[in-house]
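Novice: sequence and predicted structure are below.
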Amino acid sequence: MKRNTSVLVGVGACSVLAIAAGFVRPPSLQAQAGVPKYEVDRSWPKPFPDRWVIGGLGGLCVDGQDHVLILNRQDVIEGSLNAGHLAPPVIEIDPAGNVVNSWGDPKLLDPRLHSCYFDKDNNVWIASAPSGMVQQYSHDGSKLLRQIGKKGVLDSSDGTAKGKPLNSNAAQFFMPSSIFVDPQNGDVYVSDGEGAGSNRRVAVMDRSGQFLRQWQPEGMDTVHCLSVAHDGLVYVCNRQGARLQVYDKMGKFIKNIDVPWKPYTPPADGKVKDSGGAAVSLDLSRDASQRRMYLINQNNSQIEIIDRDTGKILSSFGSSGHFPGQFDQPHGIAVDSKANVYVTENRGKRVQKFKVAGQ
């Protein structure tokens, strides 16, 4: 009996250790050699000031000093404000996790904030859907520097979201979803097609906001995000198509990068359905060659790390839930100069930082 008890105790101890090891480094964090493994940074951000109440978060972006700007849609239920104050639309957080600035004039901004982008001068561009416009602000938000399109006037047959989308050869939009500003010539790239039934295009304007060209990526119901690499390749998110579609700056198709996925719980009727899309939001690593892409796969509530050259998924992290390191409808993603990854959640109403394990 003593011997059997020892065996059982040993097996039990091994089981506990195995379970503990799983919590320390869950399977989703496993990666190939040379690919960074990520863990959530529980110390970031610090608690927000003044009993702020946060709504769903749209996108986010990182500036030249690794400050993170998050877009707060302010969609909170009335009862929540009994316990605090509505947080501002735009919130700037420093690398230590402190709020260092906040701003946002509702008369200028649209409430359904979707994405942002810092240009080479550290000014910030903001896209809202379905606002019909993109805007450029000074870094601190004190000045509206440029607006392309008109607030509340959409590129549709009647100027509203109910009208037929036009995909006009013009600097006007239906549902702008992402922005990139070319540091070489100031051209502004806008993916215009955040929602199904809206425009389905990538539009390019010059630095003054004049329309230059557009293309309509084939097979996209929604054109939900874009990013442009240093080498000129344009990556466009086919949200429901489970792939990235790659073009040159003139809109010439180069290739597809598939983002396969499957439900962990098979549907009862056997018909696999999107719960948000497999290619929702994208950012590129900050190294000179931008070797890696970081993509939100909302269907599986995880981040895919993709080799930009081969299109191979190297690793992933995250799962569905509300504990640190998990996601409830991840929506925006950004990478800083130290390879930290930041993710906003719409339903989860929070932003999380993921750092390379061991740093």
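Specialist: Right, received. Where do you want to start?
Novice: end-to-end on stretch 128-136?
Specialist: 12 Å (Cα to Cα, to the nearest Å).
Novice: what mean pLDDT does it get?
Specialist: Stretch 128-136 carries an average pLDDT of 95.
Novice: kindly report the same for stretch 197-205.
Specialist: Here the average pLDDT along stretch 197-205 is 97.
Novice: buried residues in it, which are they?
Specialist: Buried residues in stretch 197-205, counted by 16 or more other Cβ atoms under 10 Å: 198-205. All C-beta atoms are positioned from the backbone trio N, CA, C, and that covers glycine.
Novice: roughly how far is that stretch from the heart of the chain?
Specialist: 18 Å (Cα atoms, centre = their mean, to the nearest Å).
Novice: give me the contacts around that stretch.
Specialist: Residues outside stretch 197-205 that contact it (Cβ atoms under 8 Å, 6 or more residues apart in numbering): 129-130, 148, 155, 161, 165-167, 171, 173-175, 187-193, 211-217, 220-223, 226, 234, 236, 247, 249, 251.
Novice: in the stretch 1-150 of the chain, which spans are helices?
Specialist: 2-24 (DSSP state H, counting those that start in this stretch).
Novice: point out where the stretch 51-200 of the chain drops to low pLDDT.
Specialist: Applying pLDDT under 70 to the stretch 51-200 of the chain flags no residue at all.
Novice: rewinding a little: filter the contacts of stretch 197-205 down to the buried ones, ChimeraX style.
Specialist: To isolate the buried members of the contacts of stretch 197-205 in ChimeraX, using 16+ other Cβ under 10 Å:
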select :129,130,148,155,161,165,167,171,173,174,175,187,188,189,190,191,192,193,214,215,217,220,221,222,223,226,234,236,247,249
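Novice: just the ones of the contacts of stretch 197-205 in strands?
Specialist: Members of the contacts of stretch 197-205 lying in strands (criterion: DSSP state E): 148, 188-192, 211-215, 223, 226, 234, 236, 247.
Novice: closest one of those residues to residue 312?
Specialist: Nearest to residue 312 among the ones in strands among the contacts of stretch 197-205, counting by Cβ to Cβ, is residue 236 at 19.0 Å.
Novice: quick check: the gap between the closest one and residue 193.
Specialist: 10 Å (Cβ to Cβ, to the nearest Å).
Novice: joint contacts of those two?
Specialist: 220, 223.
Novice: what is the mean pLDDT for the helix or strand containing residue 353?
Specialist: In this assignment (DSSP states H and E), residue 353 forms part of strand 350-356. Averaging pLDDT along strand 350-356 gives 98.
Novice: what packs against it?
Specialist: strand 38-40, strand 57-62, strand 341-345 (3 or more Cβ pairs under 8 Å, 6 or more residues apart in numbering; DSSP states H and E).
Novice: from the chain's centroid, how far away is the first one?
Specialist: Averaging C-alpha coordinates over strand 38-40 and over its chain gives two centres that are 17 Å apart (Cα atoms, centre = their mean).
Novice: repeat for stretch 68-77
Specialist: 14 Å.
Novice: may I see the buried residues of it?
Specialist: 68-74, 76.
Novice: could you do stretch 238-251 as well?
Specialist: For stretch 238-251, by 16+ other Cβ under 10 Å, it's 238-247, 249.
Novice: over to stretch 94-110?
Specialist: 94-95, 99, 101-104, 109-110.
Novice: what domains does the record give for this structure?
Specialist: Annotated domains of the chain cover 1-27, 31-356 [automatic domain parsing].
Novice: just name the most buried of those.
Specialist: Ranked by mean neighbour count, the domains of the chain are led by domain 31-356 with a mean of 18 (mean count of other Cβ atoms under 10 Å).
Novice: in CSV, list the C-alpha atoms belonging to stretch 172-192.
Specialist: Presented in CSV, the C-alpha positions along stretch 172-192 are these (Å, rounded to 0.1, in the frame of the first residue of the first chain):
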residue,chain,number,x,y,z
GLN,A,172,-15.1,60.6,-50.6
PHE,A,173,-15.9,57.5,-48.6
PHE,A,174,-18.6,55.1,-47.4
MET,A,175,-17.0,53.2,-44.5
PRO,A,176,-13.3,54.0,-44.2
SER,A,177,-11.6,51.3,-42.2
SER,A,178,-7.8,51.8,-42.3
ILE,A,179,-5.3,54.5,-43.3
PHE,A,180,-1.6,54.4,-44.4
VAL,A,181,0.4,57.5,-45.3
ASP,A,182,3.4,57.0,-47.6
PRO,A,183,6.4,58.6,-46.0
GLN,A,184,8.1,59.1,-49.3
ASN,A,185,5.5,61.2,-51.1
GLY,A,186,2.7,61.7,-48.6
ASP,A,187,0.1,59.7,-50.6
VAL,A,188,-2.8,58.6,-48.4
TYR,A,189,-4.1,55.0,-48.8
VAL,A,190,-7.6,54.3,-47.4
SER,A,191,-9.4,51.0,-47.3
ASP,A,192,-13.0,51.9,-47.8
